[in-house]
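In: Need the 3D shape of this:
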Amino acid sequence: MTATWVLIGINVAVYAVQWLLSLMGINPLVLLGLAPGYVSQAPWTVITSGFSHSISNPAHLLLNMYTLWIFGRMLEPEIGRGRFLTVYLLSLLGGAAAVLLLSPAYTFTVGASGAVFGLFGAVLALALWGGRRYRENLSGILVLIGFNTAFGLFFPGISWQGHLGGIVTGMVVMGALLGLRGRGRRPRG
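Out: Numbers count the residues shown, from 1 in each chain. Sure thing, here's the model as predicted:
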């Protein structure tokens, strides 16, 4: 679970940096958050927004890190560190892409939930396409995804766009990884 702990550490370190910036009079949301209307002037925010969290709501960081820890414990040992990081980081980018395409131009988005939803998508892809042993958790996964999706749609201040981009990306990336793994097992002839 090395990658999971490293990702949690990065998120916590960025949260500490956000507090320091705030104490220095710099708005961390503007510096690190992603807003479609500002991304051309701050392209790094495509990445930094996925490691930044609301400093006015510590539960934002805690909930995302707890969920990352739970899904990291499931996925990282199962698919390996490199594949786990691939799913996580591409889901972070997929969530950012959906924010850029679907969010209001001057609304800032922060949080690891796009990447975390990518892990939801990866677990769902494993349950659907990874073989019989993964299917026993399918109903629980669907309930978890449904609850978190509904929560994001009905409560203001939650980026359903980032969640959507993350989950779709996680499913696609995990599906591709499963396809590559399946091809590697076929006999030649």
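
In: in the protein, which helix has the most residues?
Out: Across the chain, the longest stretch assigned as helix under DSSP state H is helix 160-185.

In: Out of the helices and strands in the protein, which is least certain?
Out: Ranking every helix and strand in the chain by mean pLDDT, DSSP states H and E puts helix 138-154 at the bottom, with a mean of 83.

In: tell me what that one is packed against?
Out: Judged by 3 or more CB pairs under 8 Å, 6 or more residues apart in numbering; DSSP states H and E, helix 138-154 is in contact with helix 113-129, helix 160-185. Quick note: C-beta positions are derived from backbone N, CA and C, even for glycine.

In: make it 10 Å
Out: Using 3 or more CB pairs under 10 Å, 6 or more residues apart in numbering; DSSP states H and E, the elements in contact with helix 138-154 are helix 58-79, helix 113-129, helix 160-185.

In: would TSV of those helices with distance to V6 and mean neighbour count be doable?
Out: Shown next, in TSV, are the helices and strands packed on helix 138-154 (distance: least, CB to CB, whole Å; neighbours: other CB atoms under 10 Å):
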stretch	distance to V6	mean neighbour count
helix 58-79	10	17
helix 113-129	13	26
helix 160-185	19	20
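
In: and of the ones you listed, who's closest to L7?
Out: helix 58-79 (6.2 Å; CB to CB).

In: which residue is nearest the centroid of the protein?
Out: In the chain, the residue lying closest to the centroid (CA atoms, centre = their mean) is A115, at 0.8 Å.

In: Verify the contact between it and T86 for me.
Out: No. Using CB atoms under 10 Å, A115 is not in contact with T86, being 11.4 Å away.

In: Kindly reformat the helices and strands packed on helix 138-154 as JSON lines and extend each row with distance to A105.
Out: Shown next, in JSON lines, are the helices and strands packed on helix 138-154 (distance: least, CB to CB, whole Å):
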{"stretch": "helix 58-79", "distance to A105": "23"}
{"stretch": "helix 113-129", "distance to A105": "18"}
{"stretch": "helix 160-185", "distance to A105": "13"}
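
In: closest to G33 out of these?
Out: Nearest of the helices and strands packed on helix 138-154 (CB to CB): helix 160-185, 11.4 Å.

In: What average pLDDT does that closest one get?
Out: Helix 160-185 shows an average pLDDT of 88 in the prediction.

In: State the distance from L119 to A42.
Out: Counting by CB to CB, to the nearest Å, the gap from L119 to A42 is 26 Å.

In: I meant G121, not that one.
Out: 27 Å.

In: related to what we said a few turns ago, nearest to S22, out of the helices and strands packed on helix 138-154?
Out: In terms of CB to CB, the element of the helices and strands packed on helix 138-154 nearest to S22 is helix 58-79, at 13.1 Å.
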